[in-house]
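*Asks:* build me a model from this:
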Amino acid sequence: MASFLTRGKKIVAIGRNYAAHAKELNNAVPTEPFFFLKPTSSYLANNGTVEIPKGIVAHYEVELGVVIGSSRVRDVSAADAMKHVAGYTLSIDMTARNLQDKVKSKGLPWSSAKGFDTFTPTSGFIDKSRVRDPSKLRLWLKVNDQIKQNGPTSDMIFDIPQLIEHVSSIMTLEEGDLLLTGTPSGVGEVKDGDVMHCGLEDQSSNLLEQLKVNVANRVGGYEFKP
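*Replies:* Below is the predicted model of the structure:
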């Protein structure tokens, strides 16, 4: 499934799956999973450049990604969910925070705030054979070599089997789809000239994958208007 970036049809992103992150943005901690969709055109490879549209306040959110390995995953129980996982990725869910706040205040969807080109930097594929227990991993993110996020996946409110069960009860997951599982606390803004570096470690502190991207102002395109 190393080709998931081109084979997958959708990115399903779980919101507020770490209680501390929900609280830092003054959001209620959910009692059941909820998600939003991101376009696959938002993918950005390692060493790429995140482009920030004019007027946008862009926030980073480091996340563990789950790559679906089965052709049709529909109404799957939590007990059977992991059979359909091919592997994992390390991703950054970039968010246009001021745009998100604006549309949320009007009761509108978040798609515009999450879906800009380059707004899902994603690492290479990590085969599931390399991950003994995805609930015992650690995510970290640095901006300009300063640690900003550092949290264990054990802090997830809903674990991966629960997430797959919930999402597949609503929509069919397909081979190559990416499920983003939420972010630890510590999210914040990045600006033109910044460098983001994030990593995924196993329970023995071995580095499974890392991702490094630059940040630059976008030329042309969308302009945020308050």
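*Asks:* pull up the pairing partners for the longest strand seen in the chain, direction included.
*Replies:* If you go by DSSP state E, the chain has its longest strand at strand 207-217. Strand 207-217 sits in its sheet next to strand 49-52 (parallel), strand 195-201 (antiparallel), going by DSSP bridges.
*Asks:* buried sites along the first one?
*Replies:* Residues 50, 51, 52 are the ones in strand 49-52 that count as buried (16 or more other C-beta atoms under 10 Å). Placement of C-beta: from N, CA and C, glycine included.
*Asks:* what sits up against the longest strand of the chain?
*Replies:* Contact partners of strand 207-217, identified using C-beta atoms under 8 Å, 6 or more residues apart in numbering, comprise 44, 46-52, 54, 58, 88-92, 121-124, 126, 130-131, 137, 190-202.
*Asks:* wait, a helix at residue 59?
*Replies:* No - Residue 59: not assigned to a helix; according to DSSP: H, G, I helix; E, B strand; the rest coil it is strand.
*Asks:* and the next helix or strand past the helix or strand where residue 67 lies?
*Replies:* Taking DSSP states H and E as the definition, residue 67 sits inside strand 62-68. Downstream of strand 62-68, the next assigned helix or strand under DSSP H and E is helix 78-81.
*Asks:* other SSEs contacting that next one?
*Replies:* The elements that helix 78-81 packs onto, with contact taken as 3 or more C-beta pairs under 8 Å, 6 or more residues apart in numbering; DSSP states H and E, are helix 160-168.
*Asks:* now tabulate the strands paired with strand 207-217 in CSV and tack on mean pLDDT and distance to residue 30.
*Replies:* Listed next are these as CSV, based on pLDDT from 0 to 100; distance: least, C-beta to C-beta, whole Å:
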stretch, mean pLDDT, distance to residue 30
strand 49-52, 99, 27
strand 195-201, 99, 24
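*Asks:* residue ranges in this structure under the pLDDT threshold?
*Replies:* Within the chain, the stretches with pLDDT under 70 are 1, 22-23, 25.
*Asks:* let's see that with 80 instead.
*Replies:* In the predicted model of the chain, residues 1-2, 19-29 satisfy pLDDT under 80.
*Asks:* can you give me the helices for it?
*Replies:* 4-7, 19-24, 78-81, 97-105, 111-114, 160-168 (DSSP state H).
*Asks:* among those, show me which one is buried the most.
*Replies:* Most buried of the helices of the chain, by mean neighbour count (mean count of other C-beta atoms under 10 Å): helix 160-168, with a mean of 21.
*Asks:* picking that back up, mind putting the helices of the chain into TSV with distance to residue 39?
*Replies:* TSV is the format used below for the helices of the chain (distance: least, C-beta to C-beta, whole Å):
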stretch	distance to residue 39
helix 4-7	13
helix 19-24	23
helix 78-81	25
helix 97-105	15
helix 111-114	8
helix 160-168	17
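*Asks:* of all those, which lies closest to residue 152?
*Replies:* Taking C-beta to C-beta, helix 19-24 is the member of the helices of the chain nearest to residue 152, at 11.3 Å.
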